[in-house]
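*Asks:* Give the three-dimensional model of this entry:
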Amino acid sequence: QVQLVESGGGLVQAGGSLRLSCAASGRTFSRDRMGWFRQAPGKEREFVAAQSWTGGSTRYADSVKGRFTISRDNAKNTVYLQMNSLKPEDTAVYYCAAHMGSGVPVTTTREYDYWGQGTQVTVSS
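*Replies:* Predicted structure coming up:
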């Protein structure tokens, strides 16, 4: 059974940092594209960051560009999202996702095959 489990969320003050982790099991994701999305209350799930299977190509939402960094450790079957200079508007449930197969990073929810259960990030002002 394929599972993605996020961790690392929590409460942080504006300007602070958090690092989210997404551990995969049941499948080796080293050749899959990985992504992070988030969903705030009353809003649709939105793209945050994505990475190719090699890690050599990344894409970011404009709202997080320069503040967030996606990375992966294929040996650990884990993907990370380093979040710096957090703002109250970053408050949301953050989800990691996997798209089977190699290629360029993908940014739409419908293209992803597996999803984690989410981890809450709350940024206080």
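
*Asks:* beta partners for the spatially most central residue of the chain?
*Replies:* For the chain, the residue nearest the mean C-alpha position is Trp36 (2.3 Å; CA atoms, centre = their mean). Note on Trp36: beta-bridge partners by DSSP bridges are Ala49, Cys96.

*Asks:* thought it was touching Ala98?
*Replies:* No. Contact criterion CB atoms under 8 Å: Trp36 and Ala98 do not qualify, at 11.0 Å. Quick note: C-beta positions are derived from backbone N, CA and C, even for glycine.

*Asks:* that older thread, do you know the pLDDT at the residue nearest to the centre of the chain?
*Replies:* Confidence at Trp36, expressed as pLDDT, is 98.

*Asks:* can you check Thr28 too?
*Replies:* 78.

*Asks:* Look up the closest residue to it, ignoring the ones flanking it.
*Replies:* Nearest non-adjacent residue to Thr28, counting by CB to CB, 6 or more residues apart in numbering: Asn77, 6.4 Å away.

*Asks:* Just give the closest residue to Arg59, not the sequence neighbours.
*Replies:* Pro105 (4.5 Å).

*Asks:* The one you found and Thr54 touch, don't they?
*Replies:* No. Pro105 is beyond contact range of Thr54, at 10.6 Å (criterion: CB under 8 Å).

*Asks:* Which one of those two is surrounded by more residues?
*Replies:* Pro105 (19 against 12; other CB atoms under 10 Å).

*Asks:* Which helix or which strand is home to the more buried one?
*Replies:* Assigned by DSSP states H and E, Pro105 belongs to no helix or strand.

*Asks:* so what's Arg19 up against?
*Replies:* 8, 80-83 (CB atoms under 8 Å, 6 or more residues apart in numbering).
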